[in-house]
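1. Dropping the sequence and predicted coords here.
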Amino acid sequence: MQYHKILLVDDEPMIRRSMQKTLVRLGFEVAVAGNCTEGLSAFDAAEDSARPFSLALLDLNMPGFDGHPQDGAGLELLSRLVEKQPGLPVIILTAYDEVTKAKDAITRGARDYFVKGRDEGLVDLIDAILDK
């Protein structure tokens, strides 16, 4: 298996832990963060190393860069990540199927949009993106 490092940013500890365990069991290296600021810091640290991220999973609604919960904060983080690393595959995660925000995520550079709670489907999506 080719080496892949994934950035997972989600403010819900149980979801973050569950997804991290699933991905690690499948052989991925996973860095986690609980908000936009932590996610950007983890991204910058990896970018400065010789091992940048292969893919990012970003929660749609979480604390933004001001530290306060914000609808769509993940879209702002998405914009910053793809500005720093054009072509970075990003999947936006949400608890709700919001078509308008899904379109916005794709417009901003996300590869896809995924409704939480179906880890198996998410793993299939990650595999499909990284195998290309």
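-> All right, it came through fine.

2. R108 contacts R80, doesn't it?
-> No - using Cβ atoms under 8 Å, R108 makes no contact with R80, being 10.2 Å away. C-beta: built from backbone N, CA, C; applies to glycine.

3. Against D66, how distant is the residue most central in space within the chain?
-> Nearest residue to the geometric centre of the chain (Cα atoms, centre = their mean): L57, 1.4 Å. Using Cβ to Cβ, to the nearest Å, L57 is found at 22 Å from D66.

4. cool, and L23?
-> With Cβ to Cβ as the criterion, L23 and D66 are 29 Å apart.

5. So these two - more neighbours on which side?
-> L23 (22 against 11; other Cβ atoms under 10 Å).

6. Let me know the helix or strand that the more buried one is in.
-> helix 13-25 (DSSP states H and E).

7. so what does that helix touch, helix or strand wise?
-> strand 5-9, strand 29-33, helix 119-130 (3 or more Cβ pairs under 8 Å, 6 or more residues apart in numbering; DSSP states H and E).

8. buried residues in stretch 6-20?
-> Buried residues in stretch 6-20, counting neighbours by 16 or more other Cβ atoms under 10 Å, are found at I6, L7, L8, V9, D10, D11, I15, R16, M19, Q20.
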